[in-house]
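Enquirer: give me coordinates for this.
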Amino acid sequence: MEITGPWDRERVDEFLDGARIPVRIGCRTPSDAPWIVSLWFSWDGAINCATSASADLADFLAHDDHVSFEASTNDPPYKGVRGRGRATVSPDADKELLRALLERYLGGVDNPTGERLLRPEREEIRVRIEPERLHSWDYSERMDPSKR
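Expert: Predicted coordinates for the structure are as follows:
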């Protein structure tokens with residue numbers, strides 16, 4: 001995997017593992033139009049997301065598994081990681097990944113979002129993105145108010 005930008009692999013891993021922001025995933029529809037979606041994720045050297053089995057994303061990835069992605073801060077100083085890779089989709093029948101993401105982002109499953117997403121009739125899938133390239137950026141120094 002190619003890594004560029006100011007951060008080494010260890011810092012990229014630290015940022016993505018600690019991030020509690022959605023990852024934005026870009027892909028192509030079957031009609032070759034661009035598409036983007038934001039999902040919760042976890043990082044283990046790959047991006048792991050959960051979504052409904054009926055989500056458009058599942059069909060789009062079946063058509064073309066090439067994706068781009070970005071996880072970045074929403075407030076200054078801006079920093080983050082973007083890249084590209086290939087996505088695989090598999091069932092999350094026991095909703096193990098979804099439960100882990102509810103813990104990561106909401107601190108547990110006992111909340112209205114957890115109740116809605118964990119309904120027994122709702123089918124869940126895992127989307128795993130194996131990065132081929134990662135690029136980091138960090139404007140912390142440039143945006144430091146003490147340096148203006």
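Enquirer: on contacts alone, who are the packing partners of the helix or strand S136 falls within?
Expert: Assigned by DSSP states H and E, S136 belongs to strand 124-138. When contacts are defined as 3 or more C-beta pairs under 8 Å, 6 or more residues apart in numbering; DSSP states H and E, strand 124-138 packs onto strand 2-4, helix 9-18, strand 47-52, helix 56-63, strand 66-72, strand 79-91, helix 96-106. (Each C-beta comes from the backbone N, C-alpha and C, glycine too.)
Enquirer: and the residue lying closest to P22 once chain neighbours are set aside, what element?
Expert: Nearest non-adjacent residue to P22, counting by C-beta to C-beta, 6 or more residues apart in numbering: S38, 4.0 Å away. For S38, the host element (DSSP H and E) is strand 34-39.
Enquirer: pull the residues that contact that strand.
Expert: For strand 34-39, contacts defined as C-beta atoms under 8 Å, 6 or more residues apart in numbering pick out 22-29, 49-51, 55-57, 60, 127.
Enquirer: pull out the buried positions in that strand.
Expert: 37, 39 (16 or more other C-beta atoms under 10 Å).
Enquirer: and the strand holding S136, how far out from the chain middle?
Expert: For strand 124-138, the separation from the chain centroid amounts to 6 Å (computed by C-alpha atoms, centre = their mean, to the nearest Å).
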